[in-house]
Every structure is written in C-alpha cells, then in structure tokens.
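Colleague: Generate a structure from the sequence data that follows.
(chains A and B)
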Amino acid sequence: GESVGLHLPTLSVQEGDNSIINCAYSNSASDYFIWYKQESGKGPQFIIDIRSNMDKRQGQRVTVLLNKTVKHLSLQIAATQPGDSAVYFCAEAYSSASKIIFGSGTRLSIRP
Amino acid sequence: NAGVTQTPKFRVLKTGQSMTLLCAQDMNHEYMYWYRQDPGMGLRLIHYSVGEGTTAKGEVPDGYNVSRLKKQNFLLGLESAAPSQTSVYFCASSYSGFPPVRQYFGPGTRLTVL
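Modeller: Numbers count the residues shown, from 1 in each chain, chains lettered A, B, ... in the order given. Take a look at the predicted model:
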C-alpha cells in the first residue's frame, strides 16, 4: 500500500554542520508533508509542514524541500546543535483527511 | 496550561488482563488520537476522534476500544491484553481542520504485557 518511508535510519553529524534528513513518499496524491521531532522519552513535536504546491519552506533554522518529480522530501537543519539530537519523522496527509500518516523515522546524533 | 497529559506513565499487565489509558487535553481541541510506537518504528494510528461522542478506526484498531464522552478526554481500552500490545502509547490532539498537520502529543504510556 501507500507509505511514507525514509532513506536512512541513522545520521551522525558534526556539531555546527548542516544536517539533511531525507524522506521518500509514494503517494503522489498527498497534499501536505510534515516533519516531527521526537526527543528521547518524549512525545513527537511538530516542526514544519509544506503544502504540495510548494517547493520550499523555511522556518527557524530549518528548511523543508519538496521534489514532487522524484517524490522526495528533505529537512535541512542549519548549524546543528546538541539539542537537535532526536528522531525525525516525516508524515503525509490529504487535505480532506482528519488524520496524518507517519513514516518510520531517522535518528540524528550530534558529534561534539 | 498542561497541554496533553496521559495516565498512567508506566504499566505492566499479564496476558488477558484489561486496562484503560486516559488522555486529557486542556487546549479545547476537537480532534484527538491514539498511536502506538514500537521499538525502531514510527507511529501507527489506533483510533481517533473528531469530536465529542465520535470515534473512528485507524490503521491498527484490533484489540482496542475507545471512548470520547467529554471533549477534553479520550480513553483507550484494552479488553484482553496480549504480548503483541507491548508498546509505547501516545495520545495527541489538534485543532479541527483538514488536515490536522500540527498535533500536540502527550508524554506517552509505556505498557508491557507479560
């Protein structure tokens, strides 16, 4: 069936470098794509979303890029900090839906 | 503002026992959700509710029941627990709107079924 998945289960980045977390999706009919962050022992926290008619959206230190041609979504984190250590989930949704579908997550670890 | 709270935080059950997980939110959200998260996996939707008195099935509803008698509370019940239901359970809530991209999550309940 349709699913949202991730390229890599783990990512290790040097503190201060930029992080890029990737996500592949298969449902071309999805209208929204969303990123969540889950710190150890906590519930997920919304980071940013992007509508399917956009290619790029920026937030505070984060940028989400959407490439509909290859069905690829990425989250870029600028100047990665120790507090960015977490599992990052991508998710997708239809504009008419009352729920979202989560992918399996990428663990981001920061090297000092 | 407490946000989304879950009770209990931890629980150990024996196979066949029953229990109820309570979720409460103080943000006046219309939508509420129950997810389960297994090790190394993402969140899977069990049941959800788009308003007081309404519930709907998610991806993995079997073995669970829910009730939304009050807008601020969403209860998840396990009638006869099985080891396969060992997981971390998260409750979330959101404003109404299509789709509910921004969900607010509780801290989770870690359930072990022996």
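Colleague: Next, the distance between the ends of stretch B:11-21.
Modeller: Stretch B:11-21 has its terminal residues 10 Å apart, counting by CA to CA, to the nearest Å.
Colleague: which residues touch that stretch?
Modeller: The contact list for stretch B:11-21, computed with CB atoms under 8 Å, 6 or more residues apart in numbering or on different chains, reads B:6-8, B:34, B:75-83, B:89, B:91, B:109-114. C-beta here means a position set from N, CA and C on the backbone, and glycine is covered the same way.
Colleague: Local confidence estimate at the spatially closest residue to residue A:78 that is not a sequence neighbour?
Modeller: In space, and not counting its chain neighbours, residue A:78 is closest to residue A:61: 4.8 Å by CB to CB, 6 or more residues apart in numbering or on different chains. pLDDT recorded at residue A:61 is 96.
Colleague: who are the neighbours in contact with residue A:61?
Modeller: Residues in contact with residue A:61 (CB under 8 Å, 6+ apart) are A:77-79.
Colleague: Backbone dihedrals for residue A:53, both of them.
Modeller: The phi/psi pair for residue A:53 (degrees, to the nearest 10) reads phi -90, psi 10.
Colleague: Count the neighbours of it for me.
Modeller: Other residues lying near residue A:53 total 8 when counted by other CB atoms under 10 Å in any protein chain shown.
Colleague: same check, this time on residue A:13
Modeller: 18.
Colleague: Kindly confirm my reading that it is in a helix.
Modeller: No: residue state for residue A:13 (DSSP: H, G, I helix; E, B strand; the rest coil) corresponds to strand; a helix is not indicated.
Colleague: which residues pair with it across the strands?
Modeller: When bridges are called by DSSP bridges, residue A:13 pairs up with residue A:110.
Colleague: Do you know the pLDDT at residue A:55?
Modeller: Model confidence at residue A:55 (pLDDT) stands at 97.
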